[in-house]
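**Q** Pasting a predicted model and its sequence here:
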Amino acid sequence: MFEGFTPPQTPLLAVDRAALTRNLKTMQDLCDSHGVRLRSHGKTHKCSTLGRLQQAGGAVGLCAQTVGEAEAFVKGGVTDVLVTAPPPPWGAVRLAALARTARVGSVADSAEQIERLGAAARAAGVTLDLVVDIDPGTHRTGCHPDDAVALARLAASTEGLNYMGVQAYAGHLQHIVGLEERRVADHAVCAQLAAMVAALTNANLAPEVVTGGGTGTHSFALASGLFNELQAGSYAVMDVEYADCAAPGGGSWPFQASLFVAASVVSANHKSHVTVDAGFKAMSMDGPPARVASGAAAGSLWRPMGDEHGMIIHPDGLALLRGGNFVEAVEKADRDASVPWPADAPKAGGLVWLQPGHCDPTINLYDALHVVAEDGSFERWAVDARRVS
């Protein structure tokens, strides 16, 4: 993996440029073939360089989850940003200021938010796009579908705002492992959304944009005839969490893993495992554990050993360490002459490559992506929307 590339330090976040390029083209081609706009979600990568690449490849713009992300993306050259979570009270003025240099939109799920965004836009002498955020069952943000018409009418009549349509992002569906269960759940969301779009149309508030969907439901959204804008993000890099789910189109995923963490073996004193310099601070743990991609025997597992360290457990060591007292099991195996030292275990100073369990929060731990070409050369792309609010 990454032949010819020597990480300048570890742990380090690396991106396979060829795989990334294929992923971006695959999703853009899928959207284009269905006549659906792609608005890639920047919260995945928080990198304006990657955002510009997505927009240059055909994406209409980026989604941002926070006001600070939107500011970083626009500063980095992205020309069209939609903030996909209702902004806090202090965010309206900052979004209005941002709209002086780029096309900026925001979702809202209450009358207060709409009025606040409109007032900020008027004071700044700009127009903000406004998308009504609908709760599709996540119960995180979004108005009840029954309130959509009233909020859309308010947005359409508020000076300073350009009522664009509705957002229905079903985040709770994206990682349902079973394909049929995810399909049925998505169909129910779409049926409810279709009824709401019909109600808006009957009220002379037909949405120009119906935006939502994600990597885990992209095929459903594209085939629905309902969404005309897709908000997928993880497709660019993928992770273990998506690898463990059935692809929404059936068969294998059309996107490849392109994101990996390089870890160095810093200690190799035990038969059961070696220790690497990638622990909790190098890998988000809100999803499944990172997966060993290369640099260790097939079947090896990574597990955290604290803030700075992780272990790479050799397949032969799994039985030794299963259950009971970890310390005692390791010491017993090390003392037992009948237990061999694995010949194919990583050596001290060696590299082990790990695929993150959940890409978004893992990327958020790093200052940069090291984007590696096939010849081993690399570029450093700042994760410039990371430390912003």
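**A** That came through, no problem.
**Q** what ranges do the helices span in this structure?
**A** In the chain, the helices defined using DSSP state H lie at 17-34, 48-56, 67-75, 91-98, 111-124, 148-157, 179-202, 218-224, 240-243, 315-321, 326-335, 359-363.
**Q** name the helices or strands packed onto the first one?
**A** So the one you mean is helix 17-34. strand 37-41, helix 48-56, helix 218-224, strand 368-372 (3 or more Cβ pairs under 8 Å, 6 or more residues apart in numbering; DSSP states H and E). (C-beta placed from N, C-alpha, C; glycine too.)
**Q** Which strand residues bridge V276?
**A** Beta bridges link V276 to V265, G310, judged by DSSP bridges.
**Q** Wait, it touches W353, no?
**A** No - using Cβ atoms under 8 Å, V276 is not in contact with W353; the gap is 10.4 Å.
**Q** Spell out which residues are contacts of both of those two.
**A** The contact sets of V276 and W353 overlap at A263 (Cβ atoms under 8 Å, 6 or more residues apart in numbering).
**Q** How much space separates L259 from G279?
**A** According to Cβ to Cβ, to the nearest Å, L259 and G279 sit 18 Å apart.
**Q** what sits against the closest residue in space to P289 that isn't next to it in sequence?
**A** Using Cβ to Cβ, 6 or more residues apart in numbering and skipping residues adjacent in sequence, the residue nearest P289 is G357, 5.6 Å away. Counting by Cβ under 8 Å, 6+ apart, G357 touches D239, V240, E241, M283, S284, M285, D286, G287, P288, P289, A290, R291.
**Q** for the record, mean pLDDT for stretch 274-294?
**A** Regarding stretch 274-294, the rounded mean pLDDT is 97.
**Q** what's the first-to-last distance across that stretch?
**A** This stretch, stretch 274-294, spans 14 Å end to end (Cα to Cα, to the nearest Å).
**Q** between V276 and W353, who's got more neighbours?
**A** V276 (32 against 19; other Cβ atoms under 10 Å).
**Q** Let me see the residues that make contact with the lowest-mean-pLDDT helix or strand in the chain.
**A** In the chain, the helix or strand scored least confidently by mean pLDDT, DSSP states H and E is helix 315-321, which has a mean of 85. Outside helix 315-321, the residues within contact range by Cβ under 8 Å, 6+ apart are 271-273, 297-301, 313, 329-330, 332-333, 339, 342.
**Q** go again using 10 Å as the cut-off
**A** 270-274, 296-301, 303, 311, 313-314, 326, 329-330, 332-334, 336, 339-342, 344-345 (Cβ atoms under 10 Å, 6 or more residues apart in numbering).
**Q** which parts of that helix are buried?
**A** D316, G317, L320, L321 (16 or more other Cβ atoms under 10 Å).
**Q** Can you tell me which of those residues is nearest A111?
**A** Closest approach between the buried residues of helix 315-321 and A111, by Cβ to Cβ: L321, at 57.2 Å.
**Q** do you know how far that closest one is from G350?
**A** For L321 relative to G350 (Cβ to Cβ), the value is 21 Å.
**Q** what's the answer for K43, then?
**A** For K43, the distance to G350 (Cβ to Cβ) stands at 34 Å.
**Q** Mind checking which of the contacts of helix 315-321 are in strands?
**A** H273, V274, L301, R303, M311, I313 (DSSP state E).
**Q** Apply the buried test to those and list what passes.
**A** H273, V274, L301, M311, I313.
**Q** per-residue pLDDT, the last one?
**A** Note for I313: predicted pLDDT of 97.
**Q** For it, which residues are in contact?
**A** 270, 272-274, 292, 296-297, 299-303, 320-322, 345.
**Q** Show me how the protein divides into domains.
**A** 17-237, 259-382 (automatic domain parsing).
**Q** could you dump those domains to a markdown table with distance to G4?
**A** Putting the domains of the chain into a markdown table (distance: least, Cβ to Cβ, whole Å) gives the following:
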| stretch | distance to G4 |
| --- | --- |
| domain 17-237 | 13 |
| domain 259-382 | 3 |
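**Q** Quick one, which of these gets closest to F2.
**A** Taking Cβ to Cβ, domain 259-382 is the member of the domains of the chain nearest to F2, at 5.2 Å.
**Q** And that closest one, end to end?
**A** 15 Å.
**Q** what about it, distance to the chain center?
**A** Offset of domain 259-382 from its chain centre (Cα atoms, centre = their mean, to the nearest Å): 23 Å.
**Q** quick revisit: could you dump the buried residues of helix 315-321 into TSV with distance to H139 added?
**A** Below are the buried residues of helix 315-321 laid out as TSV (distance: Cβ to Cβ, whole Å):
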residue	distance to H139
D316	46
G317	43
L320	45
L321	40
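**Q** Please report phi then psi for the most far-flung residue of the chain relative to its centre.
**A** The centre of the chain is farthest from one residue, A337, which by Cα atoms, centre = their mean lies 47.2 Å away. Here is the backbone geometry of A337 (degrees, to the nearest 10): phi -70, psi -20.
**Q** Please read off the pLDDT at it from the model.
**A** Checking the pLDDT column for A337, the value is 95.
**Q** same thing with the one 5 residues further on?
**A** Reading off the confidence values, P342 has pLDDT 96.
**Q** Give me the nearest residue to it, chain neighbours excluded.
**A** Closest to P342 by Cβ to Cβ, 6+ apart is H314, at 4.7 Å.
**Q** what about the one you found, distance to A345?
**A** From H314 to A345 the distance is 5 Å (Cβ to Cβ).
**Q** Perfect, that will be all.
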